[in-house]
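Engineer: A predicted structure for the sequence below; I have some questions about it.
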Amino acid sequence: TGLRLTWMGHSSVLAEIDGRRVLFDPVWGDRCSPFPFAGPKRLHPVPVPLATLGSVDVVVISHDHYDHLDLPTIRALAGTDTVFAVPLGVGAHLERWGVAPDRLRELDWNETAQVNGISLTATPARHFCGRGLRNNQHTLWASWAVTGPYHRCG
């Protein structure tokens, strides 16, 4: 119960809000890159292995940069029952990586989805998007407001 935030490194945060677990921008991979052998490497090991993190009600993604949307992590989470809340356009990445479309909540700014008793609202933010040189600005970037029955964070 209550509200607790646990930083998991760089962009990854586990929020426990009113008995629900929300995982923001999970990156458990060794590199933030399209290549396993090149690109920025983790400075510190993840605090806990993803497999021992326990169940997560919803994974929230802010945008599709490699340091916020990690292919190995998403593929691992695709095998669970968790729901994914993402900005417009980001859902296509997750579907290609094995997340079932019925587990995606793809939102425009100021839209809200209800997941397991909590509200997730995509809110406007300024940033750029893309996972390569030819696909910049084809997806939305969002900050998020998360509201439970008694607490809120975002």
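Structural biologist: Now that the structure is in, tell me what you want to look at. Since the model is a prediction, treat every value here as computed from it, not as a measurement.

Engineer: need the longest helix for the protein.
Structural biologist: helix 71-78 (DSSP state H).

Engineer: so what secondary structure elements neighbour that one?
Structural biologist: helix 91-96 (3 or more CB pairs under 8 Å, 6 or more residues apart in numbering; DSSP states H and E). Bear in mind the C-beta positions are built from the backbone N, C-alpha and C, glycine included.

Engineer: how about the helix it packs on as CSV, C-alpha atoms only?
Structural biologist: What follows is helix 91-96, C-alpha atoms only, in CSV (Å, rounded to 0.1, in the frame of the first residue of the first chain):
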residue,chain,number,x,y,z
GLY,A,91,3.3,0.3,-30.0
ALA,A,92,4.5,-0.9,-33.4
HIS,A,93,7.9,-1.6,-32.0
LEU,A,94,6.4,-3.7,-29.1
GLU,A,95,4.2,-5.7,-31.4
ARG,A,96,7.2,-6.6,-33.6
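
Engineer: chain center to the next helix-or-strand element following that helix: distance?
Structural biologist: On the C-terminal side of helix 91-96, the closest following helix or strand by DSSP states H and E is strand 104-107. Taking CA atoms, centre = their mean, to the nearest Å, one finds the center of strand 104-107 at 11 Å from the center of the full chain.

Engineer: Pull out the buried positions in the next helix or strand after strand 104-107.
Structural biologist: Going down the chain from strand 104-107, the next helix or strand is strand 112-115, by DSSP H and E. Across strand 112-115, burial judged by 16 or more other CB atoms under 10 Å covers Ala113, Val115.

Engineer: What of stretch 147-154?
Structural biologist: Thr147, Gly148, His151, Cys153.

Engineer: Which neighbouring residues are in contact with the spatially most central residue of the chain, exactly?
Structural biologist: In the chain, the centroid-proximal residue (CA atoms, centre = their mean) is Ile61; its distance is 2.9 Å. Shown in contact with Ile61 (CB atoms under 8 Å, 6 or more residues apart in numbering): Phe24, Asp25, His68, Leu69, Phe84, Ala85, Val86, Pro87, Val90, Leu94.
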